[in-house]
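J.: below: sequence and its predicted model.
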Amino acid sequence: MPVKIRLQRHGKKGKPFYWIVAADARAKRDGKYLEKLGTYNPNTNPAQINLDVDGSVQWLQNGAQPTDTARAILSYKGVMMKNHLAGGVRKGALTQEQADAKYNAWLEGKGNAVDAKKATLADAKGKLKAEALAAEKAVNAARVAANTPVVEQEVAPVEEAAPEADATLEETPAAVEQEAPAEEAAPEADATVEETPAAVEQEAPAEEAAPAEADATVEEAPAEEAAPEADATKKEE
């Protein structure tokens, strides 16, 4: 039965978490497995890897074939190095003590490299945070310097203008009082209207005098009737 050392996915969407397992090559990726060898969390920098080194070496010596990703993880944790040294010991190329010394020296160098990487990442993160904070402070200071004079110039006149508006409101009744006599002048027009009937009464006799003159004219008409007497005198002659 061919055996593979591979990753089995777990975790939630967007944040994968993997198990490192030894499984039958014919099984599904996330199906049954023969042995769980460790875990791999790629969501951190550097990635977190927990691995059973001796168990992984045993599976490699039994003929298990790691996938490309699993091989990179095994090499990072020193499994491939230890398997190589174990092969040399079996062949008699070196003793077990020499193999262990080389392996321990490799682990120490690997640990120092990992620590240096962590320190570099921490320094870079702190530097970026400090730069971002300084930039934010500069932006806030510039914003305050730009907005403060504008607020003083705009708000102060508005507050001073308020009393003028109140004074205008207080003067308004005086203006109303000054305009009031114009309304009181209206009775004069009424007085003129009341005086109109007197003028009418004074003019009315003139109209009444007209009939008297007409009657006088009518009374003078008999003088014309005397004319026949003159005619009689002529006849007597």
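T.: That came through, no problem.
J.: now do the SS call for residue 30.
T.: Three-state call for residue 30 (DSSP: H, G, I helix; E, B strand; the rest coil): coil.
J.: what segments of this protein are strands?
T.: Counting by DSSP state E, the chain has strands at residues 3-12, 15-24, 35-41, 48-51, 65-66.
J.: partners of the shortest one in the sheet?
T.: I take that to be strand 65-66. Looking at strand 65-66 with DSSP bridges, its partner strands are strand 3-12 (parallel).
J.: the strand it pairs with relative to strand 35-41, how many degrees between them?
T.: Between strand 3-12 and strand 35-41, the angle comes out at 50 degrees (axes from the mean of the first three to the mean of the last three CA atoms, to 10 degrees).
J.: got a list of contacts for strand 3-12?
T.: Applying CB atoms under 8 Å, 6 or more residues apart in numbering, the contact partners of strand 3-12 are 16-25, 29-30, 33-34, 37, 40, 56, 59-60, 62-67, 69-70, 74. Any C-beta I mention is one placed from the backbone N, CA and C, and that applies to glycine too.
J.: what is the mean pLDDT for that strand?
T.: The average pLDDT for strand 3-12 rounds to 92.
J.: cool, stretch 43-58 as well?
T.: For stretch 43-58, mean pLDDT rounds to 90.
J.: in that stretch, what's buried?
T.: Of the residues in stretch 43-58, 49, 51-53, 56-58 count as buried by neighbour count, 16 or more other CB atoms under 10 Å.
J.: pipe those into JSON lines and attach distance to residue 114 per row.
T.: Output for those, formatted as JSON lines (distance: CB to CB, whole Å):
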{"residue": "49", "distance to residue 114": "10"}
{"residue": "51", "distance to residue 114": "14"}
{"residue": "52", "distance to residue 114": "19"}
{"residue": "53", "distance to residue 114": "15"}
{"residue": "56", "distance to residue 114": "19"}
{"residue": "57", "distance to residue 114": "21"}
{"residue": "58", "distance to residue 114": "25"}
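J.: just the ones of those in helices?
T.: Among those, DSSP state H puts 53, 56-58 in helices.
J.: that older thread, now tabulate the strands of the chain in a markdown table and tack on distance to residue 130.
T.: Below are these laid out as a markdown table (distance: least, CB to CB, whole Å):
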| stretch | distance to residue 130 |
| --- | --- |
| strand 3-12 | 33 |
| strand 15-24 | 29 |
| strand 35-41 | 28 |
| strand 48-51 | 27 |
| strand 65-66 | 42 |
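J.: derive a PyMOL selection command for the buried subset of the contacts of strand 3-12.
T.: In PyMOL syntax, the buried subset of those is picked out as below (16+ other CB under 10 Å):
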select buried, resi 18+19+20+21+22+23+33+34+37+40+56+59+60+64+66+70+74
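J.: ok, back up a step: what's the closest of the strands of the chain to residue 107?
T.: With CB to CB as the criterion, residue 107 lies closest to strand 48-51 of the strands of the chain, at 12.8 Å.
J.: by contact count, what packs against the closest one?
T.: For strand 48-51, the elements it packs on are strand 35-41, helix 68-76, judged by 3 or more CB pairs under 8 Å, 6 or more residues apart in numbering; DSSP states H and E.
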